[in-house]
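Engineer: fold the stuff below for me.
(one chain, ligands or ions: 1)
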Amino acid sequence: MNNNSAEIDDLAGRVAGVVLLPGQDGYAEECAMYNPAVANNPAVVVGAAGPADVQAALAFAKAHDLAVAIMNTGHTSAVADDRTLLITTRRMDEVVIDPSARRARVGAGVRWQQVVDAAAPHGLAPLNGSSPLVGVVGYTLGGGLSATMGRKFGWSSDHVTALDVVTADGTLRHADAETEPELFWALRGSKSNLGVVTAIEFELFPVTRLYGGVLIFPGDQAEAVLRAYADLTAQAPDELTTSIAFMRLPDVPVFPEPLRGTFTVHVRVSFLGSADDANTLLKPLRAAAPVVIDTVADMPYTDFAAIYSDPESPAPFAESTLSLPPLTPDLVTALIEAIGPQADVPANIIELRHLGGALHDTPANAGAAGLREAEFVLWVVTVGVPEQTAPAVHWMGELFTGLKPWALEGKHLNFIGQEDLGPEAVRAAYPAQTYDRLARAKAAYDPTNVFHLNHNIVPSVTDAEGR
Ligand SMILES: Cc1cc2nc3c(=O)[nH]c(=O)nc-3n(C[C@H](O)[C@H](O)[C@H](O)COP(=O)(O)OP(=O)(O)OC[C@H]3O[C@@H](n4cnc5c(N)ncnc54)[C@H](O)[C@@H]3O)c2cc1C
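Structural biologist: Sure, this is the predicted structure:
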């Protein structure tokens, strides 16, 4: 881009938010991602305060032949370079709760804790994930696997009632089940492929308390714990949403003191029911091995973040994911061999999130995301800059090759890592028919692939067989 200050001034004059160029005060903060190891250096960043700012930014990008990237929290955004205009959304931070309709309407810059806190006084709660800091829109456009109520109510993207989005041609569109239904379907599973979502409206649920927390076991008891966890999940009611994580945490401050530098197994529990029922369900698990820490107890929904205690400060990491069936004895044996106490494992967090329950349902207004056959999502995370995580990333590939006999079609889009961004990997993240339908939606709403800095769906009016 020619650094034409008159044109930048003109853009700044039309934008209610901010327009910043490299080197200007506030540019580095505006572009900072969750992963501090990533250099995010767009040619220009527009901190959009509303849809009109997004439209001005898109017109500018088109005039200067710039790619467009979209970022809220920067948890997983693609990296912008000097051929890119970055739109940040955090100024669109309005949260409106409609208690009688049990709905929330929030701006594109809102994070989950804000919605949880705003809904709680009305006796309501959203289908948020494990982290209070993750952005509502990015999470929901990837399906949204709720760590608290997923098995009870299903994918959060299936509970979206409307979206406002500025598409590549600069048009502000409202999409719901009646208006632009194909766009409404496709947005809920294509992340930033179809445009910049400026507001989202979704259902809330009458939940005020949880019986939740974490059970932490010594790593050398991993096999006994995983077998007990397999039994628990084989018969769990939909009210019980859990995960199990093999945590080999490096000795770095981002992790809490007693767990740093140790190998432990964590079972994260969220139960929508009584303490007695929860304790009956958890009894065999608690008896399977000595419990080092047990925080599972009644809690207000607003404290949900205590279940996972996800890191609050930014950290560099690499991630990857796989979909798996129920934990049959042979799969447990394979997992213990690959990630148990005797295995040489360079990854820090290997987590199995339990699906099933309502996550297997396909409601009438379902979106494009959602693993409706898989029973578990495997999520592997390694902390560090790319030079440090390279061995772990290589090892993840070997782990997934070893688990191939069990691997199922499709991936949870929110856990796809940078290594999964190639065209074949993106295609493999979806069932074939879903990908082909999304590629058609992409051809309709972003035919020139303006939004390609993502897990990119290539615009196409024909499927893989050319039909
Ligand atoms: C600690 C942690 C815990 C997590 N827990 C869960 C969980 O429980 N369940 C789950 O499903 N996922 C979970 N995730 C994954 C998370 O949902 C994804 O990383 C998600 O993409 C984050 O969205 P964001 O807006 O915070 O990040 P960003 O990096 O800002 O955005 C992520 C993606 O969404 C796109 N995007 C963001 N805003 C818009 C918009 N307005 N319009 C169009 N595209 C947009 C971006 O372009 C980018 O591709 C977790 C992630 C972390 C780091």
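Engineer: alpha carbons only for contacts and neighbour counts from here, please
Structural biologist: Fine.
Engineer: flag the shaky bits of the stretch 351-467 of the chain, pLDDT-wise.
Structural biologist: Scanning the stretch 351-467 of the chain for pLDDT under 70 picks out the ranges 463-467.
Engineer: and the residue of the stretch 251-400 of the chain nearest the ligand?
Structural biologist: residue 310 (5.0 Å; Cα to the nearest ligand atom).
Engineer: nearest spatial neighbour of that residue, chain-adjacent residues omitted?
Structural biologist: Sequence neighbours aside, residue 131 is the residue nearest to residue 310 in space, at 5.8 Å (criterion: Cα to Cα, 6 or more residues apart in numbering).
Engineer: now that neighbour: which helix or strand?
Structural biologist: Assigned by DSSP states H and E, residue 131 falls within no helix or strand.
Engineer: separation between it and residue 113?
Structural biologist: Relative to residue 113, residue 131 is positioned 8 Å away (Cα to Cα, to the nearest Å).
Engineer: what about the helices in this protein?
Structural biologist: Along the chain, the stretches classed as helices by DSSP state H are 5-14, 27-31, 51-63, 112-119, 136-141, 150-153, 181-187, 222-234, 275-288, 305-308, 329-339, 386-402, 423-428, 432-445.
Engineer: single out the most deeply packed of these.
Structural biologist: Of all these, helix 136-141 has the most neighbours on average by mean count of other Cα atoms under 10 Å, namely a mean of 28.
Engineer: tell me how far that helix is from the chain's mean position?
Structural biologist: How far helix 136-141 lies from its chain's middle: 7 Å, per Cα atoms, centre = their mean, to the nearest Å.
Engineer: tell me the mean pLDDT over it?
Structural biologist: The predicted model gives helix 136-141 an average pLDDT of 98.
Engineer: anything in it near the ligand?
Structural biologist: Yes: applying Cα under 6 Å from any ligand atom, one finds helix 136-141 in contact with the ligand at 137-139.
Engineer: how far away from the center of its chain is stretch 133-153?
Structural biologist: Stretch 133-153 sits 7 Å away from the centroid of its parent chain (Cα atoms, centre = their mean).
Engineer: quick one: end-to-end length of it, please.
Structural biologist: Using Cα to Cα, one end of stretch 133-153 lies 22 Å from the other.
Engineer: and stretch 333-349, by the same measure?
Structural biologist: The straight-line separation of the ends of stretch 333-349 (Cα to Cα) is 19 Å.
Engineer: now tell me what touches that stretch from outside.
Structural biologist: With contacts defined as Cα atoms under 8 Å, 6 or more residues apart in numbering, stretch 333-349 is touched by 219-220, 222-223, 245-250, 350, 379-383, 391-392, 395-396, 399, 403.
Engineer: tell me if stretch 151-165 is near the ligand.
Structural biologist: No: with Cα under 6 Å from any ligand atom as the criterion, the ligand is not reached by stretch 151-165; the gap is at least 7.3 Å.
Engineer: name all residues that make contact with residue 366.
Structural biologist: Going by Cα under 8 Å, 6+ apart, residue 366 touches 157-159, 185.
Engineer: 6 Å - rerun?
Structural biologist: residue 158 (Cα atoms under 6 Å, 6 or more residues apart in numbering).
Engineer: okay, it and residue 410: tell me how far apart.
Structural biologist: For residue 366, the distance to residue 410 - Cα to Cα - is 16 Å.
Engineer: one more: residue 376?
Structural biologist: Counting by Cα to Cα, the gap from residue 376 to residue 410 is 12 Å.
Engineer: also residue 244?
Structural biologist: Separation of residue 244 from residue 410 (Cα to Cα): 21 Å.
Engineer: now residue 46
Structural biologist: To residue 410, residue 46 is 34 Å away according to Cα to Cα.
Engineer: who has more neighbours, the two?
Structural biologist: Legend: neighbour count by other Cα atoms under 10 Å for residue 46 and residue 410, higher for residue 46 (29 against 23).
Engineer: re the thing from before, let's have the residues of helix 136-141 next to the ligand in CSV, adding distance to residue 181.
Structural biologist: As requested, the residues of helix 136-141 next to the ligand are exported to CSV (distance: Cα to Cα, whole Å):
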residue, distance to residue 181
137, 18
138, 20
139, 20
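Engineer: which bits of this protein sit near the ligand?
Structural biologist: So the chain meets the ligand at 70-77, 108, 129-131, 134-135, 137-139, 144-147, 191-192, 195-198, 310, 414-415, 454 (Cα under 6 Å from any ligand atom).
Engineer: list the contacts for the one residue sitting closest to the centre of the chain?
Structural biologist: Residue closest to the average C-alpha location in the chain (Cα atoms, centre = their mean): residue 414, at 3.4 Å. By Cα under 6 Å, 6+ apart, the residues touching residue 414 are residue 142.
Engineer: if you set the cut-off to 10 Å instead, what comes out?
Structural biologist: Contacts here follow Cα atoms under 10 Å, 6 or more residues apart in numbering; on that basis residue 414 touches 76, 138-145, 189, 191, 320-321, 369, 379.
Engineer: try residue 91
Structural biologist: Residue 91 makes contact with 17-18, 47-50, 72, 107-110, according to Cα under 10 Å, 6+ apart.
Engineer: need the max-distance pair from those residues.
Structural biologist: Maximum pairwise distance among those (Cα to Cα): 17.9 Å, between 18 and 110.
Engineer: compare the two and say which is more crowded by neighbours.
Structural biologist: Neighbours per residue (other Cα under 10 Å) separate residue 18 from residue 110, with residue 110 holding more: 26 against 20.
Engineer: show me what contacts the residue lying closest to that one once chain neighbours are set aside?
Structural biologist: Nearest residue to residue 110 in three dimensions, chain neighbours excluded: residue 93, at 5.0 Å (Cα to Cα, 6+ apart). Taking Cα under 10 Å, 6+ apart, we find residue 93 in contact with 49-50, 106-111, 114, 198-199.
Engineer: next: residue 319.
Structural biologist: Taking Cα under 10 Å, 6+ apart as the contact definition, residue 319 lies against 76, 347, 349-350, 379-383, 389, 392-393, 396, 415-420.
Engineer: for the nearest residue to residue 438 once chain neighbours are set aside, list the residues it contacts.
Structural biologist: Among residues not flanking residue 438 along the chain, residue 186 sits closest, at 5.9 Å (Cα to Cα, 6+ apart). Going by Cα under 10 Å, 6+ apart, residue 186 touches 141, 193-194, 366-369, 434-435, 437-442.
Engineer: kindly recompute the last result at 7 Å.
Structural biologist: Counting by Cα atoms under 7 Å, 6 or more residues apart in numbering, residue 186 touches 367-368, 438, 441.
Engineer: could you do residue 226 as well?
Structural biologist: With Cα under 7 Å, 6+ apart as the criterion, no residue contacts residue 226.
Engineer: distance of it from residue 287?
Structural biologist: 12 Å.
Engineer: do residue 189 as well
Structural biologist: Distance, residue 189 to residue 287, using Cα to Cα: 40 Å.
Engineer: output the contacts of residue 93 as CSV; include the columns pLDDT.
Structural biologist: Converted to CSV, the contacts of residue 93 look like this (pLDDT from 0 to 100):
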residue, pLDDT
49, 98
50, 98
106, 98
107, 98
108, 98
109, 98
110, 98
111, 98
114, 98
198, 98
199, 98
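Engineer: look up phi and psi at residue 365.
Structural biologist: Main-chain dihedrals, residue 365, degrees, to the nearest 10: phi -100, psi 30.
Engineer: next, the contact list for it, please.
Structural biologist: 158, 177.
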